[in-house]
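Chemist: pasting a predicted model and its sequence here:
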Amino acid sequence: MKVSDRASAAEGEVTISRKIPESHLSKTLSFFRHQGYRADLPAVFQERDFYSHLIRGILQVKRVDRGSLSCLLSVEPAVANYFGGLHGGAVAAAVDLVSIACARTVVAEDKELFLGELSMSYLSVAPAKAEVAVDASVVRSGRNVTVIAVEFKMKKTSKLIYTGRATFYNMPIAKL
């Protein structure tokens with residue numbers, strides 16, 4: 001494909017800049033083709049809330065206390081990336097899920113939690129078939145805001161591999 005050409009995609013055309021060198025364009029497009037970019041998804045993947053079910057399937061709750069939560073995460077092939085490690089999106093989804101559960105240990109049921117910020121640090125990688133200890137704790141919880149910190153450590157070595165932080169806004173549930 002030449003740099004000046006347009007490639008067609010399922011949803012329309014892709015415009016390719018004339019400023020990108022041919023070698024970079026070739027490598028970029030090859031990477032996406034190898035990843036199965038735009039491959040048709042099987043029907044099971046298109047079910048409502050499929051990704052949440054997948055993440056809940058790799059987590060096992062071990063301990064729940066007021067202000068803290070501990071889980072065990074299994075790195076299954078379904079959540080591994082191209083390189084064989086735990087996919088960054090799966091890490092972020094696990095932080096989201098575990099943070100909500102941890103926040104619920106201190107935030108009253110009459111308050112709705114709105115995720116305002118989610119940050120991640122990817123320090124190392126969890127390889128396929130590894131077990132990862134996930135520990136969440138409340139950093140601060142007040143009338144309007146709750147902050148949760150999450151650490152991911154390799155179960156065998158206790159090596160810290162990922163950290164996450166979630167900020168929730170505590171909002172009263174509307175009574176209609």
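Modeler: Yes, it's here.

Chemist: could I get the average pLDDT for the helix or strand where Val138 lies?
Modeler: Secondary structure from DSSP states H and E places Val138 in strand 131-141. The pLDDT scores in strand 131-141 average 98.

Chemist: any idea of the angle the helix or strand just after that strand forms with strand 131-141?
Modeler: Once strand 131-141 ends, the next helix or strand along the chain (criterion: DSSP H and E) is strand 145-154. With axes from the mean of the first three to the mean of the last three Cα atoms, to 10 degrees applied, the angle from strand 145-154 to strand 131-141 works out at 160 degrees.

Chemist: who's in contact with Val91?
Modeler: Counting by Cβ atoms under 8 Å, 6 or more residues apart in numbering, Val91 makes contact with 120, 122, 152, 162, 164. The C-beta positions use only the backbone N, C-alpha and C, and glycine is treated the same way.

Chemist: between the host helix or strand of it and strand 145-154, how big is the angle?
Modeler: In the assignment (DSSP H and E), Val91 maps to helix 88-103. Angle, helix 88-103 to strand 145-154, by the same axes, to 10 degrees: 130 degrees.

Chemist: what residues of the helix or strand just after helix 88-103 count as buried?
Modeler: Using DSSP H and E, the next helix or strand after helix 88-103 towards the C-terminus is strand 111-122. Buried residues in strand 111-122, counting neighbours by 16 or more other Cβ atoms under 10 Å, are found at 111, 113, 118, 120.

Chemist: with stretch 162-171 instead?
Modeler: Applying 16+ other Cβ under 10 Å to stretch 162-171 flags 162-168, 170 as buried.

Chemist: now for this structure, the helix or strand with the poorest mean pLDDT.
Modeler: Ranked by mean pLDDT, DSSP states H and E, the weakest helix or strand in the chain is strand 6-9, scoring a mean of 43.
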